[in-house]
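Student: structure for the following, please:
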Amino acid sequence: MEHKQLETVFEENYLKQTLALAEKQLFKARETLEQKQEEILEEKRQIRENTEHGVPNLWSSDGFEALIELSQSISPVADLAADYDETVRKISRLEQLLRTPYFARIDFCFEDEEEAEHIYIGRTSLSEGNAGNIYVYDWRSPIASVFYRFMTGPAYYEAPAGRMEGQVKGKRQYEIKDRKLLYFFDTDLNISDEILKQLLSRNTSPRMKAIVETIQRDQDVVIRNMESDLLMIQGVAGSGKTSIALHRAAYLMYQGLQAKLSANNILILSPNAAFEQYIADVLPELGEENVVSMVFEDLLHAYLKEKKIQPQSVYLEAACADDAHADFVKKSMEFKASADFRQLMDQFAADLPLSEIRFEDIRLEGQCIATKDQMRQWVMERPHVPLADRLEQLGEYVLENLEAAKGHVNGSEKNEVLQKVQKCTKLNVYDIYRKLWEKKALFLHLQGKGRPAGDDHDPQGKGRPAGRGLDQKGRNSSAESEYAGCIREIRKRTLENMGSECIPFEDAGAVLYLYLKIYGSRRFQNIRQVIIDEAQDYSLLQYEIFRMLFPHAKYTVLGDVNQTLTREKDLSFYEQVQNILQKKRASLVTLEKSFRCTNEILQFGLQFIRHKPKIQCFNRQGDEVIVRAFKQHEKYLDGLVQEAKACRERGFRTVCLLCRTEKRCAFLYEELKSRLDIHRMEHNEIESLEGVFLLPSYMAKGLEFDAVLICDADAKSYRGENDRKILYMESTRALHRLGVFCEGELTPLLERQ
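Tutor: The predicted structure follows:
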């Protein structure tokens, strides 16, 4: 029998053994689940009986003792429930393993040994009881890193006991589907280019899938990095940043078995709710619970509950428009996220006890218990403690004075004094934010006018002026700000907006920053790992907020400075993030290889970047990019419909029509809905991305589609330098086909027309 046939027989037998073991364990797990379910029901029945008959009177001593016994009896139920949930997860992992037990094998010969071991690698591990015989290694296990990082020859991996060295004698990859071995082949490469090309050439799925079979060496290094407290990844479009983020979350949970890191200790910050839905299947597909996932709006709603908050999509809609109002919106947003404004807020917050809190002498029965100057001084003494905590503790200080003055103090006297203290120290963060904007002198130095002497000083005559201007190093400054020409209008509109029931999104971030400066927060103390995707779209002020919210966390920050929607950013952005988050062990990794687009699409998109990054494109050829301008409206609509239908006829599962704004999407939808089976994504929510969709540009961030049609690439819509990166981002959403359409004259930003 030929070698290939012998190997085929061996592999088929190994697959049968693996499946048999998995089926045996699955059968046992299901039996265990039924048993645990019965035990839980029995425990609950006993608790019910104890509750009905054993605790007749909670106010008696006997009833209290019975209550303690009841509490103790509940603990085993909680343990049983935890075991039950773990068994459910085990069943899910085994069911998935039975469909595709492994995808690769390495033959690794350990140092000082003669025979190589067959190491099979899958999405989850499978071992035979206590015998220690491992049939399948989890892709996150230390030895599995050899598959991703080394070709045949010398290799090593980092194990808990130290570095393990040896030789890779062979590498093999498999295609197993529904328990059947379709084929396998040997390769000397990190990941076979042929299988990767085959996978990338397939149509995309409506939701993101796990990529454990095709993780590249550079990606694996990032996923397994445990040394950095702040790991920053600058990756070109299509370099797999989001996949890296999710696989890193799964790896952190795998490593967390020893560090007691669970899903609720990890937080993923996503750009929008649609993106959250798009990635929702990846971690369960990897056999892990979904970690906590949030968008920035969730953080705002967690703290700012007194007012409605403008949705981020409404703000982005205004910022991405191509009119004069959009320019002002962007300028206003930039200012409210700038170092200039943050320094104003810092100083204003520090000066609140001097300038805004109206302390009054506390008297009881004609006797002065504490003077306003004493209270102000006491509050100012501990600036490292959140102001709200100091004000709350002020009541204790005043009560101590009361007891020292009167000796014995009854309850009603204490309440009267505390009410007087609270009356003059009660804070409202919205009022404070509005008062900040009312202080004209506070902003004058940003207009290059300095601050009039004696204006806006502490009204009580105590302490320093409340309206000093600071430069970036904290010094007094009267240098003209880049926002000088629009500060007056920004102040006017902000004060108008603060009088409404709905606070603009751009102000909500600043209000939250002030809130945290004043109140602090312990809500997210359990978060130990934060993963931030599309990192370039967060302002530096938002990173200041993250630092305050997640003080004990390590960070993974993934972005592309060439895909910003608003203000220009360059690589110095990551240095600024590092300075804000204040992590000692920080590293920046650059991913320059793009896997998403065909060569034709990627090269087309690169024309919109002035300073082109060094991009290594995975060698995948495709269709030329279609560029069409129409003079007549009907022909323009016909062109869009014909191209969308042609894409669907070619078998493309996801076809996306992109307009710059939601307003344009709404107009175009009304004109196309009778001619084309098309869907609009509204309110950031959709169950599946399969079919033909119409999206505004800002909602396509992080997503990918088989085909993309940019629908409004005319000279009016895209004309400025800031528009280049929007076109780059839109173009690089496409995997296989890209069309650029417009009515009228094409954008001058196109190098070829």
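Student: list phi and psi for residue 656.
Tutor: Backbone dihedrals for residue 656, given as degrees, to the nearest 10, come out at phi -120, psi 130.
Student: likewise residue 385?
Tutor: Note on residue 385: backbone dihedrals following degrees, to the nearest 10 are phi -90, psi 130.
Student: same thing with the one 5 residues further on?
Tutor: The phi and psi torsions at residue 390 (degrees, to the nearest 10) take the values phi -60, psi -40.
Student: could you find the closest non-adjacent residue to it?
Tutor: Once flanking residues are discounted, residue 390 sits nearest to residue 379: 4.9 Å by Cβ to Cβ, 6 or more residues apart in numbering. No exception for glycine: its C-beta is placed from N, CA and C like everyone else's.
Student: and that neighbour, what does it touch?
Tutor: 353, 357, 387, 390-391, 394 (Cβ atoms under 8 Å, 6 or more residues apart in numbering).
Student: let me have those in a markdown table, extended by neighbour count, distance to residue 694 and secondary structure.
Tutor: As requested, those are exported to a markdown table (neighbours: other Cβ atoms under 10 Å; distance: Cβ to Cβ, whole Å; DSSP: H, G, I helix; E, B strand; the rest coil):
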| residue | neighbour count | distance to residue 694 | secondary structure |
| --- | --- | --- | --- |
| 353 | 24 | 53 | helix |
| 357 | 20 | 52 | coil |
| 387 | 22 | 48 | helix |
| 390 | 20 | 53 | helix |
| 391 | 21 | 51 | helix |
| 394 | 23 | 57 | helix |
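Student: hey, where'd the strands end up in the stretch 601-750 of the chain?
Tutor: 616-617, 626-630, 654-659, 678-680, 691-696, 705-710, 734-743 (DSSP state E, counting those that start in this stretch).
Student: hey, which helix is longest across this structure?
Tutor: Identified as the longest helix of the chain according to DSSP state H is helix 3-53.
Student: show me how far that one is from its chain's centre.
Tutor: Relative to its chain's centre, helix 3-53 lies at 35 Å (Cα atoms, centre = their mean, to the nearest Å).
Student: what packs against it?
Tutor: helix 61-99, strand 117-122, strand 126-128, strand 133-138, strand 180-186 (3 or more Cβ pairs under 8 Å, 6 or more residues apart in numbering; DSSP states H and E).
Student: give me the most central residue, the protein.
Tutor: Nearest to the mean C-alpha position of the chain, counting by Cα atoms, centre = their mean, stands residue 269 at 1.6 Å.
Student: for the nearest residue to residue 294 once chain neighbours are set aside, list the residues it contacts.
Tutor: Distance criterion Cβ to Cβ, 6+ apart; nearest residue to residue 294, sequence neighbours excluded, is residue 269 at 6.0 Å. Listed by Cβ under 8 Å, 6+ apart, the contact partners of residue 269 are 294-296, 530-533, 546.
Student: most surrounded residue in those residues?
Tutor: When neighbours are counted by other Cβ atoms under 10 Å, residue 531 leads these with 26 neighbours.
Student: returning to that earlier point: I'd like the contacts of residue 379 as TSV, with distance to residue 525 and pLDDT appended.
Tutor: Shown next, in TSV, are these (distance: Cβ to Cβ, whole Å; pLDDT from 0 to 100):
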residue	distance to residue 525	pLDDT
353	27	90
357	28	87
387	20	91
390	20	89
391	22	88
394	25	88
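Student: residue 93: which of these is nearest?
Tutor: Of all those, residue 93 sits closest to residue 387, with 49.1 Å by Cβ to Cβ.
Student: residues contacting the closest residue to the closest one other than its chain neighbours?
Tutor: Distances taken as Cβ to Cβ, 6+ apart put residue 518 closest to residue 387, at 4.8 Å, once the chain neighbours are dropped. By Cβ under 8 Å, 6+ apart, the contact list for residue 518 reads 349, 352, 386-388, 427, 429, 432.
Student: quick one: the helices in the stretch 201-350 of the chain?
Tutor: Applying DSSP state H, counting those that start in this stretch to the stretch 201-350 of the chain gives helices spanning 217-223, 241-259, 273-278, 282-285, 296-303, 312-320, 324-336, 339-350.
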